[in-house]
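J.: Could you look at this predicted model? Sequence included:
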Amino acid sequence: VQLVESGGGFVPPGEYLTLSCAGSGESNLYGYAVVWFRQAPGKEREGLSCLSSTDTITYNANSVKGRFTMSRENDRNTVYLQMNNLKPEDTAVYYCAKYYNYSGAYEWGKGTLVTVSS
């Protein structure tokens with residue numbers, strides 16, 4: 001596994017979590033766009049936010065705009081998703097994906113589960 005997500009968990013509504021996407025082995029995240037997706041039970045995968053290779057947020061889904069934000073820490077080869085004011089509808093498995101611009105392909109992690117419930 002080259003990309004590893006972590007930081008998921010069980011939280012009540014209104015709380016926050018920070019998800020991490022760490023590159024390992026040959027999966028260097030520096031200079032690559034990274035996208036966070038999620039997939040809730042019975043629903044299609046949803047793209048949430050994209051951080052470009054130059055660390056510009058190029059996309060934020062309406063469902064998370066103003067609550068979720070991405071950042072990158074090159075020294076740790078890690079990209080983060082800060083999720084604030086979590087809602088029950090945010091419950092899903094969250095995935096990060098490294099985007100290869102030259103091929104249009106994604107390299108995926110295995111996901112981390114976020115459950116928001118009272």
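T.: Sure, I can see it. Not measured: the values here are computed from a predicted model. Residues are numbered from 1 along each chain as shown.
J.: Quick one: neighbours of Val79, just the number.
T.: 27 (other CB atoms under 10 Å). All C-beta spots, glycine's among them, are computed from the backbone N, C-alpha and C.
J.: which residues sit against the helix or strand where it lies?
T.: Assigned by DSSP states H and E, Val79 belongs to strand 78-83. Residues outside strand 78-83 that contact it (CB atoms under 8 Å, 6 or more residues apart in numbering): 16-23, 29, 34, 36, 48-49, 51, 64, 67-73, 90, 94, 96, 114.
J.: okay, and for this structure, where does confidence drop off?
T.: Residue ranges of the chain with pLDDT under 70: 1.
J.: Closest to the centroid, which residue in it?
T.: With distances taken as CA atoms, centre = their mean, Trp36 lies nearest the centre of the chain, 3.1 Å away.
J.: Quickly list what the nearest residue to Gly8 once chain neighbours are set aside is bridged to.
T.: Counting by CB to CB, 6 or more residues apart in numbering, Gly8 lies nearest to Thr112, which is 3.4 Å off, once chain neighbours are set aside. Thr112 has these beta-bridge partners by DSSP bridges: Tyr94.
J.: Return the residues in contact with Thr112.
T.: Per CB under 8 Å, 6+ apart, neighbours of Thr112: Glu5, Ser6, Gly7, Gly8, Leu19, Val93, Tyr94.
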